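[1] pasting the sequence and the predicted coordinates here, then a few questions.
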Amino acid sequence: MEYIRLGQSGLKVSRLCLGTMNMGTPDWKPWIFNEAQSEPIVRHALEAGVNFIDLADFYSTGVGEEVVGRILKRLARREEIVVTTKVGYDMGTYQNAGGHSRKHIMDGIDGSLTRLGMDYVDIFMLHFFDVNTPVEETMSAMNDIVRAGKARYIGVSTMYTWQFAKIMQACERNGWHKPVNMQLQLNLAYREEEREMIPYCADQGVGVSVFSPLARGLLTSDPNSTRNQTDFFTAQMYGDTASREIAASVARVAAARGVSPAQIAQAWVLNHGGVSSMLVGADTPAQFDSALAALDTQLSADELHELERNYTPCDLINDYTAGKRIAREPRPAQGAFGQTLEKAA
């Protein structure tokens with residue numbers, strides 16, 4: 001396993017981070033694993049050297065934290081792992097059940113710690129940018145959580161770069177703890193964060209952890225998986241021609257190498273200069289192994305062109321663009337892959 005300091009902090013995390021959205025209860029979504037099914041995956045990741053574990057209160061509406069917390073208590077020493085959880089999405093139907101008000105943030109950290117069975121989390125993260133709460137209210141509360149010892153660091157996820165800049169400026173003005181991690185979506189089918197967010201994070205010394213390296217399963221070339229059959233967000237985010245052509249290119253490069261499409265897609269993410277750590281949401285220990293193999297997979301210039309040639313600019317994927325994104329079209333193949341496609345035609 002490789003380890004890296006997260007941004008300019010002193011915190012060392014594994015290049016692979018165990019994503020746990022698929023752990024909790026299938027009562028929440030049909031592709032979620034229960035505790036017995038989740039434990040072998042967590043054990044395998046820890047044995048492989050992973051020390052970075054990503055959660056959120058929203059996953060299985062709290063049950064995910066309960067399940068993973070119990071598993072970690074059985075399998076790991078608390079001081080040897082880096083645990084992050086997120087706050088923001090509604091945890092009920094009552095007023096103040098979500099968002100980033102001081103009230104919900106304070107309720108959120110206490111609820112997460114209770115469910116996890118822990119005294120603190122290493123990184124407490126905003127799950128999105130709450131446009132209805134003043135930035136100063138949110139970040140003051142996050143700073144107080146660090147000062148109270150309930151979190152060692154703070155982080156953020158999934159927002160516009162200008163919104164993150166507002167957060168950083170508020171922290172700078174008030175002498176508050178700044179976020180050390182930005183969690184964002186990046187994969188061969190979605191690269192918009194390369195334009196502003198990733199360079200901004202590099203400039204500000206903020207680590208970048210990437211979720212959905214397989215584009216919610218699209219890049220595994222397994223359209224019949226339970227996730228791809230039941231997660232309507234996959235079609236909403238990656239239902240255009242360019243995304244399908246990108247998946248086909250990943251499959252071609254993988255076939256030429258004799259490896260899985262997942263390994264190729266994950267290798268592209270891990271070789272990205274702006275990425276600190278990549279989240280892996282594996283359904284089996286064997287699936288996790290493709291990410292381990294990707295750590296040592298270097299891609300040639302021809303392979304990179306084939307993987308990247310279909311990408312065209314697209315609308316951002318976030319809470320504000322759901323259902324409004326415009327489809328895009330790919331570019332033609334060239335070089336060895338172009339010749340292969342001409343012969344096939």
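    That came in fine, so what should we check first? All values reported here derive from a predicted model rather than from experimental measurement. Residues are numbered from 1 along each chain as shown.

[2] could you use CA atoms for every contact and neighbour count after this?
    Will do.

[3] list of residues touching the helix or strand harbouring residue 70?
    For residue 70, the host element (DSSP states H and E) is helix 63-75. With contacts defined as CA atoms under 8 Å, 6 or more residues apart in numbering, helix 63-75 is touched by 20-21, 23-25, 34-35, 38-39, 42-43, 55-57, 59, 78, 112, 115-118.

[4] for the chain, what spans make up the helices?
    35-47, 63-75, 102-116, 135-147, 161-174, 197-204, 226-230, 232-238, 241-257, 261-270, 285-294, 301-308, 335-344 (DSSP state H).

[5] and the gap between residue 138 and residue 144?
    10 Å (CA to CA, to the nearest Å).

[6] who has more neighbours, those two?
    Shown here are residue 138 and residue 144; by other CA atoms under 10 Å, residue 138 has more neighbours (22 against 16).

[7] ok, back up a step: angle of the helix holding residue 70 against helix 102-116?
    Counting by axes from the mean of the first three to the mean of the last three CA atoms, to 10 degrees, helix 63-75 lies at 40 degrees to helix 102-116.

[8] report the beta-bridge partners for the spatially most central residue of the chain.
    Geometric centre of the chain, nearest residue: residue 211, 2.0 Å, by CA atoms, centre = their mean. Beta-bridge pairing for residue 211 (DSSP bridges): residue 185.

[9] surely residue 253 is in contact with residue 303?
    Yes: assessed by CA atoms under 8 Å, residue 253 is found in contact with residue 303 at 6.3 Å.

[10] which pLDDT value goes with residue 324?
    pLDDT, residue 324: 62.

[11] what of residue 223?
    At residue 223, pLDDT is 62.

[12] how much space is there between residue 302 and residue 257?
    12 Å.

[13] now swap in residue 132 and tell me
    In terms of CA to CA, residue 132 sits 49 Å off from residue 257.

[14] okay, the two: which has more neighbours?
    With neighbours defined as other CA under 10 Å, residue 132 and residue 257 compare such that residue 257 has more, 12 against 9.

[15] give the contact list for that one.
    Applying CA under 8 Å, 6+ apart, no residues contact residue 257.

[16] and for the one 4 residues further on?
    Counting by CA under 8 Å, 6+ apart, residue 261 makes contact with 219-221, 250-251, 253-255.

[17] let's have those residues in a markdown table, adding distance to residue 293 and neighbour count.
    Shown next, in a markdown table, are these (distance: CA to CA, whole Å; neighbours: other CA atoms under 10 Å):
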| residue | distance to residue 293 | neighbour count |
| --- | --- | --- |
| 219 | 16 | 28 |
| 220 | 15 | 20 |
| 221 | 18 | 17 |
| 250 | 16 | 26 |
| 251 | 16 | 22 |
| 253 | 15 | 22 |
| 254 | 13 | 18 |
| 255 | 15 | 13 |
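
[18] return the item of those having minimum pLDDT.
    When the contacts of residue 261 are compared, residue 221 shows the smallest pLDDT, 79.

[19] okay, stretch 204-216 in PDB with CA atoms only?
    Output of stretch 204-216 as PDB, limited to C-alpha atoms (Å, rounded to 0.1, in the frame of the first residue of the first chain):
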ATOM      1  CA  GLN A 204      -4.600  25.900  -1.200                       C
ATOM      2  CA  GLY A 205      -2.800  22.800   0.000                       C
ATOM      3  CA  VAL A 206      -6.000  20.800   0.300                       C
ATOM      4  CA  GLY A 207      -6.000  17.000  -0.300                       C
ATOM      5  CA  VAL A 208      -8.300  15.500  -2.900                       C
ATOM      6  CA  SER A 209     -10.100  12.200  -2.400                       C
ATOM      7  CA  VAL A 210     -12.000  10.900  -5.300                       C
ATOM      8  CA  PHE A 211     -15.300   9.000  -5.300                       C
ATOM      9  CA  SER A 212     -17.000   7.100  -8.100                       C
ATOM     10  CA  PRO A 213     -13.800   6.200 -10.000                       C
ATOM     11  CA  LEU A 214     -15.900   3.600 -11.900                       C
ATOM     12  CA  ALA A 215     -18.700   6.100 -12.800                       C
ATOM     13  CA  ARG A 216     -21.200   4.300 -10.500                       C
END
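
[20] what's next to it, contact-wise?
    5-8, 19, 179-190, 198, 201, 220, 227-228, 234, 238, 262, 265-266, 269, 274-280.

[21] same question for stretch 23-43.
    18, 21-22, 59-61, 63-68, 71-72, 75, 226-227, 230, 282-285, 288.

[22] possible to save the contacts of residue 261 as a markdown table with distance to residue 85?
    Output for the contacts of residue 261, formatted as a markdown table (distance: CA to CA, whole Å):
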| residue | distance to residue 85 |
| --- | --- |
| 219 | 26 |
| 220 | 27 |
| 221 | 30 |
| 250 | 31 |
| 251 | 33 |
| 253 | 35 |
| 254 | 34 |
| 255 | 37 |
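
[23] closest to residue 295 among those residues?
    Nearest to residue 295 among those, counting by CA to CA, is residue 254 at 15.2 Å.
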